[in-house]
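Participant: Turn this into a model:
(2 chains)
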Amino acid sequence: MPTIIKLKNINKTYYSGAPLHVLKGIDLEINRGELVSIMGASGSGKSTLLNILGILDNYDTGEYHLNDVLIKNLSETRAAYFRNKLIGFIFQSFNLISFKNAMENVALPLYYQKTGRKTRNKMALEYLDRLGLKEWAYHMPNELSGGQKQRVAIARALISKPQIILADEPTGALDSKTSAEVLDVLKKVNATGMTMIIVTHESGIANQTNKIIRLKDGIIEKIEDNSEHNFSRFDIQNIK
Amino acid sequence: MFDLDRWNEIFITISRNKIRSILTAFGVFWGIFMLVTLLGGGNGLGSLITGQMSDIASNSCVMWSGRTSEAYKGFRKGRWWQINNRDIEIIKAKVKGLDEISPIITPWSPTSDNVVRGDKKGTFSVQGTYANFNKIDKHTMQYGRYLNDLDVMYERKVCIIGQRVYEALFNRGEDPVGKDIRVDGVYYKVIGVGRGSDNFNFSGDKDEMITVPFTIMQKLYNYGDNVDNVFALAKPGVAVSEIQEEMETILKNNHSIAPHDRQAINSFNIENMLKQVTGLILGVNVLAFIVGMGTLLAGIIGVSNIMMVTVRERTQEIGIRRALGAKPSTIMTQIMSESFTLTAIAGFLGISFAVLILQLVDVGLAAGGEGTAVFQISFFTAVIAGLIIIILGTLAGLGPAFRAMKIKPIEALSEE
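Facilitator: A predicted model of the protein is given here:
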């Protein structure tokens, strides 16, 4: 399978106050269509890595190729273009725009692609329908449950037909039942061939992905193949 | 290009916080309203004052004799003296900058019912002038003509009557030209009806005045050689004060008045007065502009401030938009458009309201017969006011827009 994400010796240091070397040389390749999770304790650099993958943040040294395009030192305008075209975001806190209804929220990425109003609303309805939210299309975010909000956010991430989906703790704000539902949705999306990267600290979530990348103190501790889904919640097999 | 979506967004964000938007917009509304109203008021005041003096030539002056205040050449001080025909001839010959000169005779208050025609009569004042007096203080003729040089030269018993004299002596619509009227016991032929178009007069209200040739009046009213007032008009490009000085020197010389006697000759200089009035009007306008502009700026700063607050409140939303692919320029345009729209709506309402008020003042003045003062601003001024609003509205959005542009998606998204 072709690689879609190629990271070569990525370094990132934050300079607010004392310099903080967050990523210390990350090398990583992710193939098209993979379902990957990134795990790590807080402070391990997983959020920073996700921000760099999502072109929300710059890195200092190294190379990041996304879809065979070198993503480095982009202007804000160019970065916005790539985010819009290549990446779908799913956040822990959903990040829906509160004064827009579900359909308008889903249609927003297409607005920035200058798609006509009718076309994008029609497409938004289609995506909402696929996620079982057709009747909720005209509801405002505060009228939706957490699971529904996250499904709206998933529809919004999918509508621009991105190359990868980046999910930052997608179930962090949900109870276990809705978490399972949302995860099911994400797996179904992955089954259509969409590359998906999930950042989580929950072993249960990570266990459902096919590959687990463990970050520790800014380096990749190890990459585990989890196609068997027998990853233990308590990480037992790592205890020698 | 008209982008419905963008306008929809602008409308939604403005109306999301209605009270705040309205209060902010009111600052701009009031600012531009004050600016336009004050400018209109300044202009109106100016036109009121200058309208009072539209008949009188601006480069003219008038002189009349007073009492000497200094002893000179054997004469004691406190002496009365009179300007006479000889003075007029000498001034005419000697003063180079002089364009026209007209002596005037205006006897004190007329006797009761001094003007008679058949069974109609009235009390009106009489003045004797040269034909050229019309160039200095203009009659607007309703019927017939003004005096000419021959009337004066041949001492013809002809007269110009004022509008109200005509109304008192003639039936409405009757042609008075060629008819005889009796004034102070002497019959004159009416050759014209004239009226003043302002309220500023040197020698009484033209509407209630009978004007006759200077020469006949001097004889009939026993003036001998004497003259009441002298009106002089300077040539174009010559300052009135210049000829005024020369005339005074001649008069003082002729009548043995001390050269530095300030009280012997009274004079009035229209040019100086107009200068003062023009200065006053300019002062009022400058003040109006400063006050109005200050109020407007306060309003605009209010808009800028509120937009700053809005941007801060919307940090997360802007971050989401940026993450979803909004370019910095898109965000910037969005904020600028909001500020611009808010300012433009408030501003144009303010201009319209000010124009309405000024129009009401104009209509009210016209209905009250208060003359032809124009308080309404010109179309050009309105366009300028509109441009000011557009420019200031855009500038008000500039700061907030730059701040919004600088919002980084990660910072915004981590701000829960």
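Participant: now the residue of chain A found nearest chain B, what's its secondary structure?
Facilitator: Of all residues in chain A, residue A:84 sits closest to chain B, at 2.4 Å by CB to the nearest CB. C-beta: built from backbone N, CA, C; applies to glycine. Counting by DSSP: H, G, I helix; E, B strand; the rest coil, the backbone at residue A:84 sits in helix.
Participant: got it, and residue A:88?
Facilitator: strand.
Participant: Quick check: it vs residue A:202, distance?
Facilitator: Using CB to CB, to the nearest Å, residue A:88 is found at 21 Å from residue A:202.
Participant: Phi, psi for the nearest residue to the residue of chain A closest to chain B once chain neighbours are set aside please.
Facilitator: By the measure of CB to CB, 6 or more residues apart in numbering or on different chains, the closest residue to residue A:84 outside its immediate chain neighbours is residue B:325, 2.4 Å from it. With angles defined as degrees, to the nearest 10, residue B:325 sits at phi 120, psi 10.
Participant: more neighbours, residue A:88 and residue A:202?
Facilitator: Neighbours were counted for residue A:88 and for residue A:202 using other CB atoms under 10 Å in any protein chain shown; residue A:88 has more, 27 against 17.
Participant: still on that earlier bit, and the pLDDT at the residue nearest to residue A:84?
Facilitator: You'll see residue B:325 listed with a pLDDT of 88.
Participant: can you check residue A:234 too?
Facilitator: Confidence score, pLDDT, at residue A:234: 50.
Participant: residues in contact with the residue nearest to residue A:84?
Facilitator: By CB atoms under 8 Å, 6 or more residues apart in numbering or on different chains, the contact list for residue B:325 reads A:80, A:81, A:83, A:84, A:85, A:109, A:112, A:113, A:160.
Participant: can you rerun that using 7 Å?
Facilitator: Shown in contact with residue B:325 (CB atoms under 7 Å, 6 or more residues apart in numbering or on different chains): A:80, A:81, A:83, A:84, A:109, A:112.
Participant: For burial, what's the neighbour tally of residue 230?
Facilitator: You didn't pick a chain, so chain A it is. Using other CB under 10 Å, residue A:230 has 8 neighbouring residues.
Participant: that answer is for a different chain, and I need it for chain B
Facilitator: Considering only other CB under 10 Å, residue B:230 is surrounded by 22 other residues.
Participant: Just to be sure, it is in a strand?
Facilitator: Yes. Assessed by three-state DSSP, residue B:230 belongs to a strand.
Participant: Does the closest residue to it other than its chain neighbours belong to a helix, a strand or coil?
Facilitator: Spatial nearest neighbour of residue B:230, chain neighbours left out: residue B:63 (4.9 Å); criterion: CB to CB, 6+ apart. For residue B:63, the assignment made with three-state DSSP gives strand.
Participant: List the beta-bridge partners for residue B:63.
Facilitator: Beta-bridge partners for residue B:63, by DSSP bridges, are residue B:230, residue B:267.
Participant: Chain neighbours aside, what residue packs nearest to residue 145?
Facilitator: No chain was given, so I picked chain A. With CB to CB, 6+ apart, the residue lying closest to residue A:145 is residue A:178, at 7.5 Å.
Participant: meant chain B actually
Facilitator: Closest to residue B:145 by CB to CB, 6+ apart is residue B:192, at 5.0 Å.
Participant: got the residue ranges for the strands in the chain?
Facilitator: No chain specified, so I'll use chain A. Remark: strands assigned in chain A by DSSP state E are A:3-14, A:20-31, A:35-39, A:61-66, A:69-70, A:87-90, A:164-168, A:195-199, A:211-216, A:219-225.
Participant: wrong one, chain B
Facilitator: Going by DSSP E, chain B shows strands at B:60-65, B:83-84, B:98-104, B:115-117, B:120-122, B:125-129, B:140-144, B:158-162, B:180-183, B:186-195, B:209-213, B:226-227, B:229-234, B:265-269.
Participant: Which secondary structure elements does the second one sit against?
Facilitator: Secondary-structure packing of strand B:83-84 (3 or more CB pairs under 7 Å, 6 or more residues apart in numbering or on different chains; DSSP states H and E): strand B:226-227.
Participant: go with 6 Å
Facilitator: If you count contacts as 3 or more CB pairs under 6 Å, 6 or more residues apart in numbering or on different chains; DSSP states H and E, strand B:83-84 packs onto no helix or strand.
Participant: List the pairing partners of it within its sheet, with orientation.
Facilitator: Looking at strand B:83-84 with DSSP bridges, its partner strands are strand B:226-227 (antiparallel).
Participant: average pLDDT for the partner strand?
Facilitator: Taken as a whole, strand B:226-227 carries a mean pLDDT of 92.
Participant: Can you give the contact residues for that strand?
Facilitator: Identification of contacts with strand B:226-227 by CB atoms under 6 Å, 6 or more residues apart in numbering or on different chains yields B:82, B:83, B:84, B:103.
Participant: do stretch A:74-84 as well
Facilitator: Stretch A:74-84 has contacts (CB under 6 Å, 6+ apart) with A:55, A:109, A:112, B:325, B:327, B:328.
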